[in-house]
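[1] sequence and computational prediction follow.
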Amino acid sequence: MLAYLLKSTLCMGILLLVYLFFLEKEKMHQFNRFYLLGSILFSLIIPLITIIKQIPVLTEIPVTYFTTLENIHTEHSAISPVPINNSRANPIPFLPILYCLIAAVLLVRFVRNLYKLSLTASKNRSVILDGARLILLKENIVSHTFLKNIFINEEDYTNLSIEKDILTHELAHVKQRHSFDIIFLELLQIIFWFNSLLILYKRAIQLNHEFLADDAVLTTHPDVSAYQNLLLDKLSQPGHFQLASPFNFSITKKRLVMMTKEMNQSRILVKKIVLLPFLVLAVLVFSSK
């Protein structure tokens, strides 16, 4: 078990470094989304794969052993039974209990957050818009999304003061089902709570979600400068629920830079091709032999 955890963690860390240094800054957000999710599954599955190697069998030369009755008597007399001490009680499995306790606490927190979002959605007035539910809240909050629910301020909606860019951004989260990625990460963190790499993966995936939603906005409303100013204006507004997709994601600077970046198709293609032999090498290194 320890060997599996070491291999999967090391593989996960290497694939994350590859993403951060070679893929994150490229405008290939859809590919990066599946790379990040696939890297986690890849790292968890590869150590379980066994590669069988055929080892040539050497021809054994028969060896004849000679002994005497005196040697047999000496060998048998030298063997004495070892008493087995059954009086010692079995030690308490401290580590399994600690693991289950922490996992249970995280599971309770996850269920509580789901319940909190569900309760908020059911208690407030809602409006259907383009396949999503706009949950109208009394609180002055930043718009955010979870599953098909978009949480927005009721007064802003009534006064028609919600910018179209904001709604397009949140609708992109709904249509591209980004919440399922976050739920998947949350469940993995409950099981592998000791693996801090999952926190880094979650941050990278959330940032990639924002890149994807920003692209959806700029495809519909191509005024980059106006959208950037809108993002900066939203930074000063209050927070959001856990599990929901925050509009004012913490690394806004990267989003602003990404909006003005040109897509280099040839460089992207080269990086995708280089990944293939790298993944094959990872299979050979981290699988069991």
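    Nice, I can see it.

[2] poorly predicted segments of the stretch 101-250 of the chain, please.
    The model of the stretch 101-250 of the chain has pLDDT under 70 over residues 236-250.

[3] all helices of it, in order?
    154-158, 164-175, 178-191, 197-220, 224-234 (DSSP state H, counting those that start in this stretch).

[4] for the longest one, packing partners?
    I take that to be helix 197-220. Counting contacts by 3 or more C-beta pairs under 8 Å, 6 or more residues apart in numbering; DSSP states H and E, helix 197-220 packs against helix 2-18, helix 29-45, helix 164-175, helix 178-191, helix 224-234, strand 245-246, helix 252-259. (Each C-beta comes from the backbone N, C-alpha and C, glycine too.)

[5] these into JSON lines, with extra columns for distance to Phe110?
    Formatted as JSON lines, those follow (distance: least, C-beta to C-beta, whole Å):
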{"stretch": "helix 2-18", "distance to Phe110": "21"}
{"stretch": "helix 29-45", "distance to Phe110": "17"}
{"stretch": "helix 164-175", "distance to Phe110": "20"}
{"stretch": "helix 178-191", "distance to Phe110": "5"}
{"stretch": "helix 224-234", "distance to Phe110": "27"}
{"stretch": "strand 245-246", "distance to Phe110": "16"}
{"stretch": "helix 252-259", "distance to Phe110": "27"}
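
[6] I'd like those laid out as a markdown table, including distance to Phe151 and mean neighbour count.
    Formatted as a markdown table, the helices and strands packed on helix 197-220 follow (distance: least, C-beta to C-beta, whole Å; neighbours: other C-beta atoms under 10 Å):
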| stretch | distance to Phe151 | mean neighbour count |
| --- | --- | --- |
| helix 2-18 | 30 | 16 |
| helix 29-45 | 23 | 17 |
| helix 164-175 | 9 | 20 |
| helix 178-191 | 12 | 17 |
| helix 224-234 | 14 | 15 |
| strand 245-246 | 10 | 22 |
| helix 252-259 | 20 | 15 |
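
[7] nearest to Asn140, of these?
    helix 224-234 (12.0 Å; C-beta to C-beta).

[8] quick one: contacts of stretch 155-164?
    Residues outside stretch 155-164 that contact it (C-beta atoms under 8 Å, 6 or more residues apart in numbering): 127, 134, 136, 140, 143, 152-153, 220-221, 230.

[9] so which of those wins on neighbours?
    Neighbour counts for the contacts of stretch 155-164 (other C-beta atoms under 10 Å) peak at Ser143, which has 27 neighbours.

[10] measure it to Pro222 for me?
    Noted for Ser143: a distance of 21 Å to Pro222, by C-beta to C-beta, to the nearest Å.

[11] from Val283, how far off is the nearest residue to Cys11 once chain neighbours are set aside?
    Closest residue in space to Cys11, ignoring its immediate chain neighbours: Ser43 at 4.1 Å, by C-beta to C-beta, 6 or more residues apart in numbering. Going from Ser43 to Val283 by C-beta to C-beta gives 11 Å.

[12] make a markdown table out of the helices of the stretch 101-250 of the chain and add distance to Ser118.
    Shown next, in a markdown table, are those (distance: least, C-beta to C-beta, whole Å):
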| stretch | distance to Ser118 |
| --- | --- |
| helix 154-158 | 19 |
| helix 164-175 | 16 |
| helix 178-191 | 13 |
| helix 197-220 | 21 |
| helix 224-234 | 25 |
